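Engineer: coords please:
(chains A, B and C)
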Amino acid sequence: MPSQPETYMQNRSGENEAKGAAFAGPAALARSLLAWYDQHGRDLPWRIRDRGQSHGQHQSQLRADPYHVWLSEIMLQQTGVVVVTPYFHKFLSRWPTIAALAAAPLNDVLQAWAGLGYYARARNLHKCARVLDTDFRDGFPEDTATLKTLPGIGDYTAAAISAIAFARPANVVDGNIERVVARLRAVAAPLPGARRELRKLAGEIAPDQRPGDYAQALMDLGATVCTPRNPACGVCPWAGSCQARINGNAAEYPRRVAKKAKPVRRGVAYWIERDSKIFLERRPARGLLGGMLCFPGSEWLEAVGESAGESAGESAGDAGDHLLPGEVRHTFTHFHLILRVSVRRAENHETDRPAGKWVAISELDQAGLPSVMQKVARHALGAMAAAE
DNA sequence: TAAACGTGGAT
DNA sequence: TATCCAAGTTT
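Structural biologist: Okay, here's the model as predicted:
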């Protein structure tokens, strides 16, 4: 049986001291979180959990496959578990090993990634697979310093891989952990400026034992209990030590600086059809939707004044073009986009460019179009069907 | 340091 | 409908 948890009197706040609240120290916090994880942690496809014991604490953690950990961590960057799961299975099924992924053409990887967003992740994933396959034949790198030299792997991902796949102690800090720690310590400074402080506070608690389990436990806690809105403090293993909870305002953390409003950009997408095929074009290798297959179109220009559509070419199309009714709305990270769709005659467009490709309408769904272009396709087909 | 970089689900 | 937000990294 575990001994009495260590405690110390919180003395930063006179109010808490007056109430006599007992706060768990770092070791006790880690221990209670791991116990919670053994009972309530989620079963996820890229995760290995030790369910062999129902009583007591596990002394060591199982190690998940480094390829699976790496792939899942890249996919999970700024992306939810529900969205990632089918992509994770699809990738592993198609490319069961790092060598297989490294051998794949980049365009195949981008096609499989379509819909997941942040396409630089897919480009870096592929680049990283080739580096791993050529420069790390002896094994997946285990230390954070080496991991951070790899494409697409930054502070968080390096720490997560090192801890989860290799059981190495690391200070894993993601958005969930920032939120949990901000509440636990009632950090008043707003994000993103408070990152450094939150990272330091998180590091004071992270244990050397079962570092990967601990990191995943804290992320699970943030995702299922210490949620952004309406946190379930009543079932939180850290509630007794949580400063914000005791202050009664856990949901107010973490504070954030106000975000800038998104501007609106407008543009036209060209629907170029011939023999039941559509002309698509691959975007430049870097930047927005870099390397992705898209409908050709005008530039996307920020709306200025009331007739902004004209500046986007809505009234400057070639002879024979005709604008379909309605519009496609899509929001990117830093701007809103409003797209009109123009049906353009193939002979009015340069359709033999190297980056161009004709795709059967019936295969548009599997062509690997990013979501915004899937919206364009759906809108175009719907508008033309309605005009019949 | 700040801006760029996707998308879908929740409220 | 509008806004927030998610297992961040790169430049």
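Engineer: Could you count how many residues lie near the closest residue to DNA strand C within chain A?
Structural biologist: In chain A, no residue comes nearer to DNA strand C than residue A:154, which is 2.6 Å away by Cβ to the nearest atom of the strand. Yep, even glycine has a C-beta here, placed from its N, CA and C like the rest. For residue A:154, the count of nearby residues is 11 (other Cβ atoms under 10 Å).
Engineer: thought it was touching residue A:144?
Structural biologist: No - applying Cβ atoms under 8 Å, one finds residue A:154 not in contact with residue A:144, separated by 10.3 Å.
Engineer: quick one: is the longest strand belonging to chain A near DNA strand B?
Structural biologist: Longest strand of chain A, by residue count under DSSP state E: strand A:264-274. No - counting by Cβ under 7 Å from any atom of the strand, DNA strand B is not contacted by strand A:264-274; separation bottoms out at 10.2 Å.
Engineer: what comes up buried for stretch A:140-150?
Structural biologist: For stretch A:140-150, burial by neighbour count (16 or more other Cβ atoms under 10 Å) applies to A:140, A:141, A:144, A:147, A:150.
Engineer: any idea how far residue A:267 is from the residue nearest to the second one when sequence neighbours are not counted?
Structural biologist: Nearest in space to residue A:141, with sequence neighbours left out and distances taken as Cβ to Cβ, 6 or more residues apart in numbering, is residue A:147 at 5.4 Å. With distances taken as Cβ to Cβ, to the nearest Å, residue A:147 is found 39 Å from residue A:267.
Engineer: Kindly report the same for residue A:160.
Structural biologist: Taken as Cβ to Cβ, the span from residue A:160 to residue A:267 is 38 Å.
Engineer: Show me where the stretch 51-200 of chain A dips below the pLDDT cut-off.
Structural biologist: The stretch 51-200 of chain A contains residues with pLDDT under 70 at A:52-57.
Engineer: residue in it nearest to DNA strand B?
Structural biologist: Taking Cβ to the nearest atom of the strand, the stretch 51-200 of chain A has residue A:117 as its residue nearest DNA strand B, at 2.7 Å.
Engineer: how about the closest residue to that residue other than its chain neighbours, secondary structure?
Structural biologist: Using Cβ to Cβ, 6+ apart and skipping residues adjacent in sequence, the residue nearest residue A:117 is residue A:79, 6.9 Å away. Following DSSP: H, G, I helix; E, B strand; the rest coil, residue A:79 is assigned to coil.
Engineer: tell me the contacts of residue A:79?
Structural biologist: A:116, A:117, A:118 (Cβ atoms under 8 Å, 6 or more residues apart in numbering).
Engineer: All the strands of the stretch 201-350 of chain A, in order from the start?
Structural biologist: A:264-274, A:277-282, A:293-294, A:301-302, A:322-323, A:328-331, A:336-344 (DSSP state E, counting those that start in this stretch).
Engineer: Using CSV, write out every CA atom in the longest one.
Structural biologist: This points to strand A:264-274. Output in CSV follows, covering the C-alpha atoms of strand A:264-274 (Å, rounded to 0.1, in the frame of the first residue of the first chain):
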residue,chain,number,x,y,z
VAL,A,264,-11.6,38.3,-45.6
ARG,A,265,-10.0,37.3,-48.9
ARG,A,266,-11.9,36.6,-52.1
GLY,A,267,-11.0,34.7,-55.2
VAL,A,268,-12.3,32.6,-58.1
ALA,A,269,-11.8,28.9,-58.7
TYR,A,270,-11.9,27.5,-62.2
TRP,A,271,-13.9,24.4,-63.1
ILE,A,272,-12.3,23.2,-66.3
GLU,A,273,-14.1,20.1,-67.7
ARG,A,274,-13.4,17.9,-70.7
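Engineer: And residue A:106, how far from residue A:237?
Structural biologist: Taking Cβ to Cβ, one finds residue A:106 at 44 Å from residue A:237.
Engineer: oh sorry, the question was meant for residue A:140
Structural biologist: Distance of residue A:140 to residue A:237, given as Cβ to Cβ: 32 Å.
Engineer: And for residue A:252?
Structural biologist: 21 Å.
Engineer: swap in residue A:66?
Structural biologist: Counting by Cβ to Cβ, the gap from residue A:66 to residue A:237 is 29 Å.
Engineer: With residue A:270 instead?
Structural biologist: Taken as Cβ to Cβ, the span from residue A:270 to residue A:237 is 56 Å.
Engineer: Let me see the contact set for residue A:177.
Structural biologist: A:198, A:202, A:215, A:218, A:219, A:222.
Engineer: what do you get for residue A:351?
Structural biologist: So residue A:351 contacts A:272, A:274, A:279, A:358 (Cβ under 8 Å, 6+ apart).
Engineer: So, low pLDDT: which residues of the stretch 251-388 of chain A?
Structural biologist: When residues are selected by pLDDT under 70, those of the stretch 251-388 of chain A lie in A:304-317.
Engineer: What residues does it have near DNA strand B?
Structural biologist: A:260, A:287-290, A:330-334, A:370-372.
Engineer: DNA strand C contacts on the stretch 101-250 of chain A?
Structural biologist: A:118, A:120, A:124, A:151-158, A:160, A:174-176, A:179, A:216, A:219-220, A:222-223, A:228.
Engineer: Need the buried ones from those selected in ChimeraX.
Structural biologist: Only the buried entries of these go into this ChimeraX selection, using 16+ other Cβ under 10 Å:
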select /A:124,151,152,153,155,156,157,158,160,174,176,179,216,219,220,222,223
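Engineer: returning to that earlier point: among the buried residues of stretch A:140-150, which two are most distant?
Structural biologist: Farthest pair in the buried residues of stretch A:140-150 (Cβ to Cβ) is A:140 and A:144. Separation: 12.8 Å.
Engineer: I'd assumed residue A:31 was in contact with residue A:209.
Structural biologist: No - shown here, residue A:209 and residue A:31 do not form a contact pair, counting by Cβ under 8 Å, at 9.0 Å.
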